[in-house]
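Q: please work out how this folds:
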Amino acid sequence: MARGSPLSRHWHGTLAVPVMLAGPVAGGMALLWIANATLGHWPLWALLALNLPVALWLWIGAFRAADRVMGEGSTMAGFAAYGSIAATALLISVTLLARDLPSRTVTATGPPQAAPRLPETRQRVQIIGDISYDHFKALEARLATGAPLTSVALESDGGNIYAARGLARLIEEAGLETFVTTRCFSACTLVFAAGQPRRLAPEAALGFHGYALRDSSNYGPIRHVNPEDEARKDRAFLTRRGFSPAFVARVHTTPPPGLWRPTRAELLAGGVLSD
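A: This next block holds a predicted model:
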């Protein structure tokens with residue numbers, strides 16, 4: 001390539017800044033835009049390998065031109081040359097990031113999945129195992145059928161507090177009984193509290209503790225909620241459901257992972273059981 005060509009002169013920073021901006025810089029940016037838009041299906045590393053040589057050629061030439069004109073006293077022209085470097089970097093960043101943004105188009109990959117179903121006998125559904133959103137969706141779908149339902153049987157060591165709150169809302173709105181067959185601990189007790197009436201099998205147990213906010217497998221130690229605010233919501237809910245203030249206070253002074261397992265007499269005195 002001849003030293004006197006515009007491309008070579010840009011590399012050495014000898015082009016006049018207006019010519020550089022209108023020629024190599026504008027042309028190089030247009031080339032990068034078209035390439036990134038057309039080849040957006042390429043792996044990111046391949047697009048970077050394509051972008052970097054062009055970007056470096058543009059940036060080095062612009063730096064050299066800026067230094068030259070700034071040394072000659074042309075401050076505005078120097079700033080314009082430096083600005084072209086920033087503009088090129090912004091163009092590359094935007095076009096490369098845009099290719100990785102998830103599409104909003106939803107493509108069906110098969111028939112819609114049916115909502116999970118809860119075991120049911122004689123108008124009583126059973127919630128067994130760790131409380132989850134699947135339980136919530138299943139109860140919501142069951143209630144939507146309009147078929148008679150009177151009771152929810154619980155057998156759980158706890159689970160997702162937000163799913164438990166959702167289940168509690170459904171049960172309260174539907175006026176369902178809650179019944180514990182063997183055990184109902186931790187978040188499960190919020191679901192139990194929503195029932196009317198609330199009953200316990202002779203050998204069954206309830207287990208309470210204060211609000212727990214553990215590290216998440218998704219978020220690690222990130223705290224995206226205030227534990228005190230969440231505990232206040234649960235205390236207000238239990239009080240509204242008829243639990244005595246003394247019982248609610250005892251619940252929230254039991255630190256996790258410990259469990260307070262009240263006797264049947266304590267449950268009756270605390271307004272937890274209907275009979």
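
Q: where does pLDDT dip in the stretch 51-200 of the chain?
A: Filtered on pLDDT under 70, the stretch 51-200 of the chain yields the residue ranges 98-115.

Q: so in terms of bridging, what pairs with the closest residue to residue 204 other than its chain neighbours?
A: Of all residues beyond its chain neighbours, the one nearest residue 204 is residue 180 (4.4 Å), with distances taken as C-beta to C-beta, 6 or more residues apart in numbering. The way it works is simple: take the backbone N, C-alpha and C, and place the C-beta from them, glycine included. Beta-bridge partners for residue 180, by DSSP bridges, are residue 154, residue 200.

Q: list the contacts for residue 180?
A: With contact set as C-beta atoms under 8 Å, 6 or more residues apart in numbering, residue 180 has these partners: 153, 154, 155, 192, 199, 200, 201, 204, 205, 206.

Q: name only those of the residues you listed that count as buried.
A: Among these, the ones that count as buried by 16 or more other C-beta atoms under 10 Å are 153, 154, 155, 192, 199, 200, 204, 205, 206.

Q: what packs against the strand or helix carrying residue 36?
A: With elements taken from DSSP states H and E, the one containing residue 36 is helix 26-38. Using 3 or more C-beta pairs under 8 Å, 6 or more residues apart in numbering; DSSP states H and E, the elements in contact with helix 26-38 are helix 44-71, helix 75-100.

Q: tell me which helix or strand comes right after the helix or strand hosting residue 7.
A: Under the criterion of DSSP H and E, residue 7 resides in helix 6-12. For helix 6-12, the succeeding helix or strand toward the C-terminus, using DSSP H and E, is helix 17-20.

Q: which other residues reach that next one?
A: Counting by C-beta under 8 Å, 6+ apart, the neighbours of helix 17-20 from elsewhere in the structure are 6, 10, 61-62, 65-66, 69, 74, 77-78, 80-81, 84.

Q: the helix holding residue 7 packs against which elements?
A: On the basis of 3+ C-beta pairs under 8 Å, 6+ apart, helix 6-12 makes packing contacts with helix 44-71.

Q: quick one: contacts of stretch 200-210?
A: Counting by C-beta under 8 Å, 6+ apart, 179-186, 189, 192, 231, 250-262, 264, 267, 272-273 sit against stretch 200-210.
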